[in-house]
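S.K.: 3D model of this:
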Amino acid sequence: MAGDLGSTLALLKSRGAQSRGADPNLLLTLERDVIGFAKRQALIRWRERKRYFRAGARQTLGHPASKEHSMTKRDDSLQAQMENIHRLQEEIKDLQQTAKEQLVAKANEVIADLNRMGHDYRLVQGSGRGAGRSAPRQSDPSRPCPVCRFRTVPFHDGRTHRSQGKNKKAFSAEELRSLGLKRA
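M.R.: Take a look at the predicted model:
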């Protein structure tokens, strides 16, 4: 409706500009009235939307539902929105999968070129850590340490001597105490 008044106002302005006897104050008054009417119409629409959403909130909180806005309409629109979201998520997954396949194909081509040049490369999935790692080495606690050649309580083996570098030797009594070990 505001659009109709705006076009009417534009028509009046053009006619007023054409006729030399048009009153400019009348045109300004008409323009203010049209703008005021459009603002009032927008305010009325805003209040109606506000009432609608408040009624919807009351329905979700257990208040009596208004007759104009039933929950079925809202449920249907929410259901449609959820279906749209799921559809978009599936599209995203498909696009990611195709992008991944394209990148892997390119990477395989580059790796094949490198391998033809005499290098030894391969493409693996994941971080590459942990997959090839074996279980921790188990040592027999009843057997003596291969470096010290004696047993301790608690048990220790050659790995405890790593800090000694290349020249590994048996722990002294003071070193055993600092490590919390006792000779068995």
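
S.K.: Pull up the distance across stretch 154-170, start to finish.
M.R.: 16 Å (Cα to Cα, to the nearest Å).

S.K.: Now do the contacts for Glu48.
M.R.: Contacts of Glu48 were listed using Cβ atoms under 8 Å, 6 or more residues apart in numbering, and none were found. Backbone N, C-alpha and C define where each C-beta goes, glycine included.

S.K.: what's the spacing between it and Val124?
M.R.: Applying Cβ to Cβ, to the nearest Å, the value for Glu48 to Val124 is 61 Å.

S.K.: now do Arg183
M.R.: 47 Å.

S.K.: average pLDDT for stretch 157-171?
M.R.: Regarding stretch 157-171, the rounded mean pLDDT is 86.

S.K.: quick one: secondary structure of Thr156?
M.R.: You called it Thr, but residue 156 is His. coil (DSSP: H, G, I helix; E, B strand; the rest coil).

S.K.: doesn't Leu181 make contact with it?
M.R.: Yes. Taking contacts as Cβ atoms under 8 Å, His156 lies within contact range of Leu181: 5.9 Å.

S.K.: quick one on the thing from earlier: of Arg183 and Val124, which one has the most company?
M.R.: Taking other Cβ atoms under 10 Å, Arg183 and Val124 do not tie; Arg183 has more neighbours (11 against 8).

S.K.: what sits against the more buried one?
M.R.: Arg183 makes contacts with Phe150, Arg151, Thr152, Ala173, Leu176, as judged by Cβ under 8 Å, 6+ apart.

S.K.: Name the SS class of the closest residue to the first one other than its chain neighbours, please.
M.R.: If you skip the residues right next to it in sequence, Phe150 has Pro144 as its closest partner in space, 5.2 Å away by Cβ to Cβ, 6 or more residues apart in numbering. The three-state label for Pro144, taken from three-state DSSP, comes out as coil.
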